[in-house]
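J.: test case, fold it:
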Amino acid sequence: MMPEQQDNQKTLKLDIAVSHQFNMSRKQARQKILSGQIRLNGRIVRIIARPIKPQDTLVMVEENSHTKDLQLPAIISILYEDEDLLVINKPAHLLSEKIATQKANCVQDVLSTQHRITRTHLVHRLDAGTSGVMMLAKNQTTAASIFNLFQQKLIKKTYHLIAQGTKEASEKGTFEGKIARNKNKPHTFEVNPRTGKIACTQYEQITSQTLANPQIPVAYLFKANPITGRTHQIRVHFKEAGLPLLGDALYGGLKTLRVGEHTLFIHRPLLHAYQLRFKHPNHHREICIQAPWPKDFQACAQILFQRIEA
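T.: Model (predicted):
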């Protein structure tokens, strides 16, 4: 969390952002900045008053680190492993795969460094800002089998998300808006019945909380099951329904929210891949793997809904 800003203010000073993201005093934050331990979007930054925008990514490296690239943002925990499959709990702000134009580490870099696992095949992806269950194959044969299971919609994905609303939302339902790239806003997508691809998301309300806040009268905790796998699908469908995810500035979500005596400062869309359920492609046993909520999601859920676990 960071100190309260004025309404509609979109930037913070670097030392304030660092102190609250990494739970330290502003004096400590300034020391970290001046010693070169803070990375802003992958680059060392030493300007204490540097303005920080909601979409910026901050990472702190250890004092004795000599890495020139973006430091690993968090330790990846392994949720399941056998000779064919690897299922991990991906931290937020970590890329699923390497992007040629960025120096930031990806999942496979972290697996290689932290777990000495060097040969894996991506079979699906999570947005960089999304945390939670992610599956990789250890060989090409298994990768092909898993890909086919996804194509046949035989892998059930369950996400948890926190959304903001201005009106009462349905208890459960299905979003079926076709999704296309938004030509007027780079890197975003939209519901477009004419040019969009078929997209289907089932959802169910877990709980809700009425807030004494004119910007967001109601906060919701939902579970969502995407039947298709379009880019930004859940984020786009909820935005279209008037329920943008908290922290998702790209699709209308607030990054700052006042709740009683608390002020939440949210650094990413509050979307967590909670569960994968599928039959193992080789030995055909039913497998269900869950990833616990990360600390940022847990903290917001505790303040908004008085719960710390799914």
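J.: can you give me how far stretch 239-247 is from the chain middle?
T.: Chain-centre distance of stretch 239-247: 14 Å, with Cα atoms, centre = their mean, to the nearest Å.
J.: averaged pLDDT, that stretch. What do you get?
T.: Stretch 239-247 shows a mean pLDDT of 96 in the predicted model.
J.: roughly how far apart are residue 247 and residue 231?
T.: Going from residue 247 to residue 231 by Cβ to Cβ, to the nearest Å gives 18 Å. Every C-beta, even on glycine, is put in place using the N, C-alpha and C of the backbone.
J.: does residue 215 count as helix, strand or coil?
T.: Applying DSSP: H, G, I helix; E, B strand; the rest coil to residue 215 yields a three-state assignment of coil.
J.: ok, the nearest residue to it once chain neighbours are set aside - contacts?
T.: Excluding its sequence neighbours, the residue lying closest to residue 215 (Cβ to Cβ, 6 or more residues apart in numbering) is residue 254, at 6.5 Å. Shown in contact with residue 254 (Cβ atoms under 8 Å, 6 or more residues apart in numbering): 164, 215-216, 246-247, 266.
J.: one step back: residue 247 and residue 231: who's more crowded?
T.: Counting neighbours by other Cβ atoms under 10 Å for residue 247 and for residue 231 shows that residue 247 has the greater number, 27 against 15.
J.: residue contacts, the nearest residue to the more buried one once chain neighbours are set aside?
T.: Nearest residue to residue 247 in three dimensions, chain neighbours excluded: residue 266, at 3.4 Å (Cβ to Cβ, 6+ apart). Contact analysis of residue 266 by Cβ under 8 Å, 6+ apart lists 246-247, 253-257, 296, 300.
J.: so of those residues, which ones are in helices?
T.: 296, 300 (DSSP state H).
J.: which of the contacts of residue 266 sits closest to residue 221?
T.: residue 300 (9.4 Å; Cβ to Cβ).
J.: what about the closest one, how many residues close to it?
T.: Neighbour number of residue 300 under other Cβ under 10 Å is 23.
J.: need the helices for the stretch 101-250 of the chain, in chain order.
T.: Using DSSP state H, counting those that start in this stretch, the helices of the stretch 101-250 of the chain run over 107-115, 140-151, 233-240.
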